[in-house]
Each structure stands twice: as C-alpha cells, then as structure tokens.
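Asker: Just the structure for this:
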Amino acid sequence: MVVNVIAVSYGIAAAAFLLLTLLLMTSWRGRLHGLTLAVTSGATALWAGIVSWQAVIGIQLSLWSDVLELARDAAWTIFMLLVLDPYHRNGAARLLRSRATLALLYLFCIAGTIYTRWIMRDTETAAYFLANFVGRVVIAVIGMLLVEQLYRSTPQQERWAIKFACLGVGGLFVYDFYLYSDATLFRALNTEIWAARGMVNALAVPLIAVSAARNPKWSLDIAVSRRMIFQSVAVFGAALYLLLMAVAGYWLRFFGGSWGAVMQVTFFAGALALLIGIVFSGTVRSRLKVFISKNFYNYNYDYREEWLRLTRTLSTKGPGLGERAIQAIADLVESPSGALWLRNGDRYTLETRWHMADAAGAEPADSTFCVFLQSRQWVVDLDELRDDPEKYEQLQAPEWLRGLARGWLVVPLIMHDELLGFVVLSQPRSPIRLNWEVTDLLKIAGNQAASYLAQHQAAQALMVARQFESFNRMSTFIVHDLKNLIFQLSLLVTNAEKHKDNPEFQKDMMGTLDNSVKKMKLLLHKLNSGDSIEGAAPLSLDKLLTQAVALKSQFEPQPRLELVDSGMVLLANWGRMERVVGHLIQNAIEASGREGTVAVRLRRQGDNAVIEVCDNGIGMSHEFIRERLFKPFETTKSAGMGVGVFESREYIQELGGRLDVASIEGAGTTFTITLPLNGQRAAQSEQEQQEESA
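Answerer: Residues are numbered from 1 along each chain as shown. Here you go, the predicted structure:
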C-alpha cells in the first residue's frame, strides 16, 4: 500500500514539473534564466518520474534515484545563484556564492553515494550516513539561505515578481531539511514523510509558474489562466477539506465506541453538505476570485475573458436586454444586484431591475446629478459621495438614490457623449478596492451596454414606425379607392337628372350603387382588420374584364373590350385585381378626352395572360415614366394621390407578373399587364371550387 502511495505521489510531481517544463520551453525567447529554469524543472520531473517508476516495480531507493536527486538539488542551487548574480554588490554572504565550495559539497555527496551503493553496496556505513543524510541536510540549509538572500536582496518594488517562486523553491528545501533531519536523528528515512514528498513538490509548481509569468527574465510569454488557477485552488481546497474531515471522522470512529460508526457517517455527511454549500456559494467564489486576482496577478482582470463574457451576455438572443446589461456590468465587480434607469422624454425612469427589490424613483434629465454624469462620465461611489463630497465637486445624490439600502456604484451609460441612462449596483459579495483599473473597466462596459441598449431602442422605434407606415400605406390605398367610388357616384348623380326616366339607366344605376356599397363595406373591414377578407382564388379574366369595363361604361369615351383569347383562369384576389384594371382604364379615360378612344384587350402569350389598356390621349414623356410614374405620391392630377399605378404594379409583381408601359407624347399610352396563368393548378382549383359549390 505504501509503495502505491509513493508511486502516485511522485507521479503527480513528475507530471506537474513536466507540464511546467513544456510551458517554459514553448515560451522561451533566448533568456538564460528561462532556459535554466526549464532545465531545472525538467531535471525535477525526471527525478520524480524515476522514483515513481521504481516504486511501481518495488524499489524504494537506488543509486539512480539518489544521483538524480542530487542533480535536481544542484540544478535548483545553480538557478538560485544565477538569479542572485545581479545582487553581488548588495552585501550577500560570499560563502553562498562560492562555486568551488558548493561544487565540492555536491561532489562529496555524489562520490559518497556511488561508493556506498555501487562499490561497497552497504548503506549502513558512516560514509553513506554523511553523504546521504548529513550532506543533504547541509544542501537543504544552503538552499533555504539562497532563497532568503534572494528575497532580501530583491528591491521592494520587484518582490511581487519573485515572491511565489521563493515560496515554492523554499518549500522544496524546507521539506528536504525536515525529511533528512528526521533521517539523521533516527538514522533511517521515514517512509510516510518520504511518500508525501512528491505531493509537496507538486504544490510548488503553480507558485513557480506564477513567478515565471510575472518575470520577463525567466519567460516572456508564459501565461497562467485565472480560470485554471481558480479551479485548481478550488479543487485543492476541497480535497484538503475532505482529507481533514476524513481524519476527523476516523478519529470519531476510533474513539466513539459503539456509536463510532454512526458518528463517523453522520459527521462526514454533514461535512460533505457543508462543502457543497460552500462550493455553490456566490460569496465564497467571489472572495476566492478577488484573492487570486490580488495576490497572483499584477492586474485584477483577465481582459480577454471579461470582454468575451460581457459581449456574450449582451448579445444573447431573447428578451430582457436591460437585465442582461445590469448583470454584465455587475459581474465585473461581483455585485449581486442592480437596476437600470433610461431616458424617457425629459426624465430618467426605472427601466428594469435585477435582484434589486427596493429600486424606485425617477430623475429629471436637467438635474445636477444627471448633468454631472453626462459631463464627467465618472463612476460614482455612493459611499465616497456621502463621506467625501468634495471628491465629486460637492455633488448631492438624489433622495431616492440615497434611500437604496445597499446602493454602491452608479455607472453611467454614455452613447455619443450623451447620457443614455445609468446603472445602480449594490454592495459586492466581497470587498473590492475601487481603483483606476476597476473604474475604467466599468466605464468601458457601460459604453458597450449603452450601444446595445441604443440599438435595441432604435429597433423598437423602427418596428413602431413600420407599423405606422403599413397602416398609413393601407389608409392611403383605401382613400384612393374611396376617391374613385365617390367619383363614380358623383357622375351617377350628375347623369340622374338627364336619364332618370330611362329604365336601362335605372337598372345600371342600381347595379352601380350595389357594387359601390359592397366595395365600401369591404374597405371598412380592411381598415378594421388590417387585411383583406378575400384571399387568392381562381377567377375568370373574361368575367373580370367584362365587369371592369361595364363599371366604366358611363364615362366618355366609353372603353371597349376585345377578347382575342378567352377561357383564361388566374389565381388572384378578385377585388384587388379589379382595382388594378379599373384604375388603368380610368387613367386612360381621363387622358383621352371625350373624343378619344380606350380599348381593353385580352390575349394569350404562351403560359401567360396579357391585358392591354390602350388610349390615344396626351401620352407621357420617357423622363416622367422613368422617374415619377411608379413612385407613390407622385401625380400630375390636381386631385390625384399618385398611388394607383404604384399599387397596381406592386400587386401584379406579387402575382409573379409585370406591368410595362409604352407612351408617346401626343399619341397615347399602352399599359401591358403580363400574368402567369398557373396552368393546370388554376384550372384544377376552379374545378374543385365548382364541385364544392355543387
């Protein structure tokens, strides 16, 4: 069992130092310190790997493991001397820098080990005791003195770069001193202390890696992820906690008598539940993150990770952009809640909250507080504002803001130097010092959030504008149709006095009135519902054109219908198609005058139906056709609206057809509608409709 523990312990140390070696080598840029550290780390990995392998095959100590251990100690000593070299003139002890003295010490230990293990094959001699126990104690003491000299010799402002390496390397030598002092006292290695040595060595790796990342002389580009450090510390802390709880549970079982087993299980279950609660505690995670950022890194944030997280939170699809904006900013300072105020007219009103139940109030846009936020663009600390108002130019916080129980920071949301709004954050889960780095990051995050919120507001405004545009456009078309109906009814009233005794006129008048009433009812329904009650259905073009021409028969000149080809069926909306043709006929009548001619012609061209509306009126110029004819609200009529031709072309294009125009000034105009007949589909739909009605 002990052999397996040794194999695992030293195997972990070998893997850890091998990983450190690879990181150092991949980031090395020709620096002597970086190369030396990589070689030293590699030697340590090799020694730990040999010890682990020997434990697997049943060998605890051998000549190779002893020699490699001395080589590993020599490598760390050389590295420390190399790092100490710039401080020669700072008064450090010359003995520690005497290469000859140290070389003789290591040669003595190596020679003693080889002599006793290889030549004499006896580890009970005094030579072995001096070389392997006493000599190792001396080496450990020298290593500790070197670490102490390095830390003391380093200027105060540079110690942040080497303090973790001193802890890590110093830990290696301190544990060696403890191990070999115990062995010297009892003239034998303690198996348990020896087995734990691998794990202790592995703990030094992250400390050395942090210093390597901080010190450009050791390695230029090595970077230790904050997430990896956080997860490693969390896992190590959880493992250590479980180990201590297991020891305490074993103690309860051993001394608990008949209740020992019950007490052990109960205690361990409670300890596990406590651990789970701690792991999922936002406050604990927050404090751990802040501790790691303050003590392991020279900057508080990993800006790449923070920017990716901020962008990811803001750009998530779905509603609740305001809450996401609060959360994205609050996470930067470990704040658990917040609220968002946005400008609404001449006031900034509460838009949304994120876990802040007591948020309420509004602030005028021209108040001193809002003007200060816009002009200065500062992050306001409410605690400092209350204790030291001079820092904020004697600014007074609004009463509603002072009433927030846990209010802490006010982050302005600036967009194009205008105050779009502001976010109020509550007190953080763990204490955070509000320095320039934190405030700059909050201001940048506020600007980014403001751009997303402004884009969202613009999208909402555009959607509302499009709804109004759609309604206005529909209303325009309806007004246009009403104008045509009024024109027909006015003409009917005008001719009533002249033809009121004519039975044919009376019959035609009743038909016209009935058709006008139906159209007005349809228009009212469209205005209320926003859409037509009629969908696309098979319609006969012969019947459609016959009715359209008949409705214009009271006008002069009277249009005539020419059915060159008949029997064509089209899938379309009868009402809309009738309006298209009727509008073109009406335009032709108005352009021709009383003495002119208007002809409506229907013919087939392949799989298309072609409707031509021809007149010999005043015509149109090519410039007018190109630039104004098909644009809405462009017209030459004094009472016209300029939407008829535009609506006609839009619907014809919806049906998959096209509207062409050919005109010569003074000679007349021809509008040509080309529509796909939809072949068998239209005929089949018409047949099915007839069968259903039958």
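Asker: What residues of stretch 408-428 count as buried?
Answerer: If you call a residue buried by 16 or more other Cβ atoms under 10 Å, then stretch 408-428 has these buried ones: 408-415, 419-428. C-beta here means a position set from N, CA and C on the backbone, and glycine is covered the same way.
Asker: what about the residue nearest to Leu629 when sequence neighbours are not counted, how many neighbours?
Answerer: In space, and not counting its chain neighbours, Leu629 is closest to Val645: 5.9 Å by Cβ to Cβ, 6 or more residues apart in numbering. Val645 has 22 neighbours, counted by other Cβ atoms under 10 Å.
Asker: Which strand or helix spans Val645?
Answerer: Using DSSP states H and E, Val645 sits in helix 644-654.
Asker: pLDDT averaged over the very next helix or strand once past that helix - what is it?
Answerer: Next helix or strand after helix 644-654 toward the C-terminus (DSSP H and E): strand 658-664. Per-region confidence: strand 658-664 scores 91 on mean pLDDT.
Asker: can you tell me which residues contact Arg603?
Answerer: Residues in contact with Arg603, defined by Cβ atoms under 8 Å, 6 or more residues apart in numbering, are 564-565, 609-610, 612.
Asker: what element comes up after the helix or strand where it lies heading to the C-terminus?
Answerer: Under the criterion of DSSP H and E, Arg603 resides in strand 598-605. For strand 598-605, the following helix or strand on the C-terminal side (DSSP H and E) is strand 608-615.
Asker: gap between Leu46 and Thr21?
Answerer: For Leu46, the distance to Thr21 equals 10 Å [Cβ to Cβ, to the nearest Å].
Asker: neighbour count winner among those two?
Answerer: Neighbours per residue (other Cβ under 10 Å) separate Leu46 from Thr21, with Thr21 holding more: 20 against 17.
Asker: right, and that one touches Ala45 too?
Answerer: Yes: between Thr21 and Ala45 there is a contact at 5.9 Å, judged by Cβ atoms under 8 Å.
Asker: how many neighbours does Ala360 have?
Answerer: For Ala360, the number of neighbouring residues by other Cβ under 10 Å comes to 12.
Asker: Then it would be within a helix, right?
Answerer: No: assignment of Ala360 by DSSP: H, G, I helix; E, B strand; the rest coil gives coil, placing it outside any helix.
Asker: What separation is there between it and Glu595?
Answerer: To Glu595, Ala360 is 78 Å away according to Cβ to Cβ.
Asker: Can you give me the pLDDT of Val423?
Answerer: Reported pLDDT for Val423: 94.
Asker: Does it lie in a helix or a strand, and which?
Answerer: strand 418-426.
Asker: helices or strands up against that strand?
Answerer: helix 321-330, strand 338-344, strand 347-354, helix 368-376, strand 407-415, helix 436-499 (3 or more Cβ pairs under 8 Å, 6 or more residues apart in numbering; DSSP states H and E).
Asker: Let me know which of these is the nearest to Ser153.
Answerer: Ser153 lies closest, by Cβ to Cβ, to one member of these: helix 436-499, at 29.9 Å.
Asker: pLDDT (mean, whole number) over the helix or strand that the closest one is followed by?
Answerer: Counting by DSSP H and E, the next helix or strand C-terminal to helix 436-499 is helix 503-529. In this model, helix 503-529 has an average pLDDT of 71.
Asker: Likewise for stretch 387-401?
Answerer: 85.
Asker: Give me the contacts around that stretch.
Answerer: By Cβ under 8 Å, 6+ apart, stretch 387-401 touches 360-363, 367-369, 372, 378, 380, 382, 384-386, 407, 410, 424.
Asker: what do you get for stretch 486-500?
Answerer: 505-506, 509, 512-513, 516, 551, 554-555.
Asker: related to what we said a few turns ago, are any of the contacts of stretch 387-401 buried, and which?
Answerer: 361, 363, 369, 372, 378, 380, 382, 385, 407, 410, 424.
Asker: show me the residues around the fifth one that make contact.
Answerer: With contacts defined as Cβ under 8 Å, 6+ apart, the neighbours of Trp378 are 372, 392, 412, 439.
Asker: Show me the two of the buried ones among the contacts of stretch 387-401 that sit farthest apart.
Answerer: Gly361 and Trp378 (20.2 Å).
Asker: Do a quick rundown of the helices in the stretch 101-250 of the chain.
Answerer: 126-129, 135-153, 163-186, 191-214, 226-255 (DSSP state H, counting those that start in this stretch).
Asker: hang on, the earlier thing: and the buried ones among the contacts of stretch 387-401, which is closest to Cys166?
Answerer: Trp378 (40.1 Å).
Asker: what separates that closest one from Asp346, distance-wise?
Answerer: 23 Å.
Asker: burial measure for the residue nearest to Val141 when sequence neighbours are not counted, as a count.
Answerer: What sits nearest to Val141 in space, not counting adjacent residues and going by Cβ to Cβ, 6+ apart, is Phe177, at 6.4 Å. Phe177 is flanked by 18 other residues according to other Cβ under 10 Å.
Asker: Please tell me the pLDDT value assigned to Phe177.
Answerer: On the pLDDT scale, Phe177 is placed at 87.
Asker: just to revisit the earlier point, wait, which of the helices and strands packed on strand 418-426 is closest to Cys109?
Answerer: Cys109 sits nearest to helix 436-499 of all the helices and strands packed on strand 418-426, at 49.3 Å, using Cβ to Cβ.
Asker: who's in contact with Ile12?
Answerer: With contact taken as Cβ under 8 Å, 6+ apart, Ile12 is in contact with 198-199, 202.
Asker: Could you check how far the residue nearest to Gly407 when sequence neighbours are not counted is from Gln427?
Answerer: Leaving out its chain neighbours, the residue that sits closest to Gly407 by Cβ to Cβ, 6+ apart is Leu382, at 5.1 Å. As defined by Cβ to Cβ, Leu382 lies at a distance of 10 Å from Gln427.
Asker: How is Asn4 assigned, secondary-structure-wise?
Answerer: At Asn4, secondary structure determined by three-state DSSP is helix.
Asker: Okay, the residue nearest to it when sequence neighbours are not counted and Leu179: tell me how far apart.
Answerer: Leaving aside its sequence neighbours, Asn4 sits nearest to Ala55 (Cβ to Cβ, 6+ apart; 7.7 Å). Per Cβ to Cβ, Ala55 is found 16 Å from Leu179.
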